[in-house]
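Engineer: please work out how this folds:
(chains A and B)
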Amino acid sequence: MQIEWINLMPELMIFGVAIVVLLGELYLSANAKRILGVVSLLGILAALFSLTSLYGVEATEFMDMFSIDLTATVLKGILLATTALVVLATLRSRMTIGEGEFFSMMLFSVLGTMFMASANDLIMLFIALELTVLPAYILVGSKKTAGSAEAALKYFLLGLVASVILLYGMSLVYGLTGQTNFTAIANALAGQAIEPLLLVGMVMIVVGLGFKVAAVPFHFWAPDVYEGAPVPVASFLAVGPKAGGFAALIHFFPVALAVAAPIWAGLFAILAVLSMLLGNLAALAQTQVRRLLGYSAVAHTGYLLVGLAVADSFGYTALIFYFLVYSLAALGSFLVILATTERGLGENVTDFAGLFKRAPMLAFAMAIFLFSLVGIPPFAGFMGKVYLFGAAVRSDLIWLAVIGVLNSVVSFGYYVTVIRQMYLVNPTTDDAVTVSKPLYLSIVLIMAAVVFLGVYPSAFLSIINL
Amino acid sequence: MISEIIYFSVFVAVGLTVVVLMLGLQKLLQTKRHSDAKLSVYECGNIDVVSDPRIQIKMRYYIFGLLFIIFDVEMIFLFPWAVVFKSLGLVALIEMLVFIMILLLGLLYAWRKGVLKWT
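Structural biologist: Residues are numbered from 1 along each chain as shown, chains lettered A, B, ... in the order given. Here you go, the predicted model:
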């Protein structure tokens, strides 16, 4: 068994940087620790660069446990690029500067997500999942305030329950097939009648992974975590662990449980509808911006699950594209909140009053991100929804597409309250809100990407061969 | 069959003799000097067994427990590794060293952060 280490280069780099940053945290002086963020950023960029050489490579490593294919490579690319933006944005943040633990935990979580994207085996999937979420629990609780601790505890306990249910489901699937490898499971199940026990196992896996991506009715933790976690962490959670959950979903179900495709597609359709409805309706009632974005994240999980309900390559491609679009816009809006909270602004919607006059660029960026989340052209969110609901219509799931579009209209209601506060309400003070340069750069880059992908989506779609 | 019964009865006889010898000898040779400490109930972690049930246990105790668990669980991986070590060769040695290094990093982290200080 020969291992092609070059295929694992991005993972090895992230791992190496995470270790180096952790050691730096232990041995450097407080002043020297300021470079740890830069080291992390360079490491992620190096990993991203080495990932480009894997574009188009199809291979498996570790006795078929780890598979490299186009979907995995593209997902890793999205993940590394968005994480690089998070690190860039937090380089000079008061909350993270000199905190080697923040960067190293984030890198370990990213490493887990990368393994999840490539996992081709139940055991690999589970270990990768735990590697993704364990650092995330630590990150959420890292602020040592009551809110942060509460969020961490909720996240930890519910995540634990989800992991256990997932593991139980996996053990049932293993018990029926005697295999842990995805393709081997598919081969063992091919041509046989679907046993009730397989359905039980399948539902348990859906529930376990549903917790991780915060689909209704397994979403309880999401609003609390997005609200209670330190802002840099909340912005990372919107991209990192969520990418892992969806990577697992689009790798496991279509490959291993291809036999039962109509059944799980139906399940995902139900979860999609519930998530969209409850996420959007609950968000309408929120007055705290991060909680609002938390419910919006639940609603967007609903939109993304439409791709799985479609259950064909168009659906998965649309899902990946929408995930990129969503994570950019969500990350962008969290970074704007980071910028305002760094300057002591509150997190209620009314605290954004007149932001346009105090920080025109931030208000403009926030407006673009929120419009993209609603799905208004010419921003990326619009094209994402076009492809996603287009894929649904193409597979005769017109009702699902209609519910999705109606929900987008509802979501306009709460996004626009933030925009109204920023542009139409007068500020209580005229003090300018200044932004640190790396954060500014990160927000501008995301803004450019959101507009670029909205105008020219085929730039990305040609990469994933649609 | 007969030889097996003999084998078995010898085994039982030796076992019983050892037990009787050990208990009998210590009964014969022991000196009895009781003290409070000797008569107290043994409990892992030095907790006073008969007292108010709501007591505070030092947080450090659990952190030490966690650190112990890390290396305890490592054993699960070390035993099967040791069994097949010969057929795997040098690669297995390097892989296991990497694994233990990662675990040691955890210990190093706890050490540098001052977790190992009892007070």
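Engineer: quick one, helices of chain B?
Structural biologist: Counting by DSSP state H, chain B has helices at residues B:2-29, B:36-39, B:59-83, B:85-88, B:90-112.
Engineer: got the residues of chain B near chain A?
Structural biologist: Residues of chain B lying close to chain A by Cβ under 8 Å from any Cβ of the partner chain are B:102, B:105, B:108-109, B:112-113. C-beta: built from backbone N, CA, C; applies to glycine.
Engineer: list only buried entries from these.
Structural biologist: Buried members of the residues of chain B next to chain A, scored by 16 or more other Cβ atoms under 10 Å in any protein chain shown, are residue B:109.
Engineer: weakest of the helices of chain B by average pLDDT?
Structural biologist: Mean pLDDT is lowest for helix B:36-39 out of these, coming in at a mean of 78.
Engineer: ok, residue A:451 touching residue A:368?
Structural biologist: Yes: shown here, residue A:451 and residue A:368 form a contact pair, counting by Cβ atoms under 8 Å, at 7.1 Å.
Engineer: which residues are in contact with each of those two?
Structural biologist: Shared contacts of residue A:451 and residue A:368 (Cβ atoms under 8 Å, 6 or more residues apart in numbering or on different chains): residue A:379.
Engineer: for burial, what's the neighbour tally of residue 69?
Structural biologist: I went with chain A, as the question did not name one. By other Cβ atoms under 10 Å in any protein chain shown, 17 other residues sit near residue A:69.
Engineer: meant chain B, my bad for not saying
Structural biologist: Residues lying near residue B:69 (other Cβ under 10 Å) number 10.
Engineer: likewise residue A:240?
Structural biologist: Residues lying near residue A:240 (other Cβ under 10 Å) number 26.
Engineer: against residue A:251, how distant is it?
Structural biologist: Distance, residue A:240 to residue A:251, using Cβ to Cβ, to the nearest Å: 17 Å.
Engineer: check residue A:295 too.
Structural biologist: Separation of residue A:295 from residue A:251 (Cβ to Cβ) stands at 27 Å.
Engineer: just how off-centre is whichever strand or helix holds residue A:418 within its chain?
Structural biologist: In the assignment (DSSP states H and E), residue A:418 maps to helix A:398-424. Mean-position distance between helix A:398-424 and its chain equals 20 Å (Cα atoms, centre = their mean, to the nearest Å).
Engineer: could you check which residue of chain B lies nearest chain A?
Structural biologist: Nearest residue of chain B to chain A (Cβ to the nearest Cβ) works out as residue B:112 at 4.3 Å.
Engineer: report pLDDT for residue A:210.
Structural biologist: For residue A:210, pLDDT reads 92.
Engineer: what's the closest non-adjacent residue to it?
Structural biologist: If the residues on either side of it in the chain are set aside, residue A:210 comes closest to residue A:218, at 4.5 Å by Cβ to Cβ, 6 or more residues apart in numbering or on different chains.
Engineer: can you confirm the one you found is in a helix?
Structural biologist: No: applying DSSP: H, G, I helix; E, B strand; the rest coil, one finds residue A:218 to be coil, outside a helix.
Engineer: for it, phi and psi?
Structural biologist: When read as degrees, to the nearest 10, the backbone of residue A:218 gives phi -110, psi 40.
Engineer: do you know how far it is from residue A:166?
Structural biologist: Residue A:218 sits 11 Å away from residue A:166, taking Cβ to Cβ as the criterion.
Engineer: mutual contacts of the two, please.
Structural biologist: residue A:207.
Engineer: what pLDDT, on average, does the longest helix anywhere in chain A get?
Structural biologist: Secondary structure assigned by DSSP H gives helix A:146-177 as the longest helix of chain A. Averaging pLDDT along helix A:146-177 yields 92.
Engineer: which is the succeeding secondary structure element to that helix?
Structural biologist: Next along the chain after helix A:146-177, taking DSSP H and E as the criterion, comes helix A:182-189.
Engineer: so what does the helix or strand that that following helix is followed by touch, helix or strand wise?
Structural biologist: Remark: after helix A:182-189, the chain's next helix or strand is helix A:196-213, criterion DSSP H and E. The contact analysis (3 or more Cβ pairs under 8 Å, 6 or more residues apart in numbering or on different chains; DSSP states H and E) places helix A:196-213 against helix A:146-177, helix A:240-256, helix A:261-284, helix A:289-310.
Engineer: and if we set it to 10 Å?
Structural biologist: Judged by 3 or more Cβ pairs under 10 Å, 6 or more residues apart in numbering or on different chains; DSSP states H and E, helix A:196-213 is in contact with helix A:122-140, helix A:146-177, helix A:221-228, helix A:240-256, helix A:261-284, helix A:289-310.
Engineer: distance to chain B for those - can I get that in TSV?
Structural biologist: Formatted as TSV, the helices and strands packed on helix A:196-213 follow (distance: least, Cβ to the nearest Cβ, whole Å):
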stretch	distance to chain B
helix A:122-140	12
helix A:146-177	15
helix A:221-228	23
helix A:240-256	21
helix A:261-284	34
helix A:289-310	30
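Engineer: which of those helices sits most buried?
Structural biologist: helix A:289-310 (a mean of 27; mean count of other Cβ atoms under 10 Å in any protein chain shown).
Engineer: avg pLDDT for that helix?
Structural biologist: For helix A:289-310, mean pLDDT is 93.
Engineer: now the angle from that helix to helix A:221-228?
Structural biologist: 150 degrees (axes from the mean of the first three to the mean of the last three Cα atoms, to 10 degrees).
Engineer: how far off centre is the helix or strand just after helix A:289-310?
Structural biologist: Per DSSP H and E, the first helix or strand lying C-terminal to helix A:289-310 is helix A:313-342. Relative to the chain's own centre, helix A:313-342 is displaced by 8 Å; criterion: Cα atoms, centre = their mean.
Engineer: for the residue nearest to residue A:210, what are its contacts?
Structural biologist: Contacts for residue A:218 (Cβ atoms under 10 Å, 6 or more residues apart in numbering or on different chains) come out as A:158, A:161-162, A:165, A:206-212, A:271, A:274-275, A:298, A:301.
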